[in-house]
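Novice: this is the structure alone, sequence omitted:
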């Protein structure tokens, strides 16, 4: 299924992927960590959660509101 990664820092990245389970779709979020310092291999951590795919528009809308607030905050500093 579709997936992408967001680099969090030098040691962790966030994996976001569309998942199907028992005929229903979910968006899965999982933190991956380097398997060892300096390695290009990433392993999943226990930090993970899933949302029902139909909640994705709500999540996107709320994230856009957060971004607008953050953009406004940086403009006033």
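Specialist: Thanks, I have the structure now. Note that the coordinates shown come from a computational prediction; the quantities given were computed from them, not determined experimentally. Residues are numbered from 1 along each chain as shown.
Novice: now the lowest-mean-pLDDT helix or strand in the chain, how far from the centre of its chain.
Specialist: Here the helix or strand of the chain ranked lowest by mean pLDDT, DSSP states H and E is helix 56-76, holding a mean of 87. Remark: helix 56-76 is offset 16 Å from the chain centroid, using C-alpha atoms, centre = their mean, to the nearest Å.
Novice: in a helix, residue 40, correct?
Specialist: No. Residue 40: not assigned to a helix; according to DSSP: H, G, I helix; E, B strand; the rest coil it is coil.
Novice: now it: phi and psi?
Specialist: Dihedral pair for residue 40: phi -90, psi 0, per degrees, to the nearest 10.
Novice: what about it, neighbour count?
Specialist: By other C-beta atoms under 10 Å, the residues close to residue 40 number 6. Yep, even glycine has a C-beta here, placed from its N, CA and C like the rest.
Novice: same question for the one 3 residues further on.
Specialist: With neighbours defined by other C-beta under 10 Å, the count for residue 43 comes to 10.
Novice: I figured it hits residue 36, correct?
Specialist: No. Residue 43 sits out of contact with residue 36 when judged by C-beta atoms under 8 Å, with a separation of 9.5 Å.
Novice: low pLDDT regions in the chain?
Specialist: Counting by pLDDT under 70, the chain contains low-confidence ranges at 74-77.
Novice: swap in 80 and give it another go.
Specialist: Within the chain, the segments meeting pLDDT under 80 span 1-2, 73-77.
Novice: please name the nearest non-neighbouring residue to residue 35.
Specialist: Distances taken as C-beta to C-beta, 6 or more residues apart in numbering place residue 41 nearest to residue 35, at 4.1 Å, with adjacent residues excluded.
Novice: what about the one you found, how many neighbours?
Specialist: Counted with other C-beta under 10 Å, the neighbours of residue 41 add up to 9.
Novice: got it, and residue 26?
Specialist: Neighbour count for residue 26, taken as other C-beta under 10 Å: 19.
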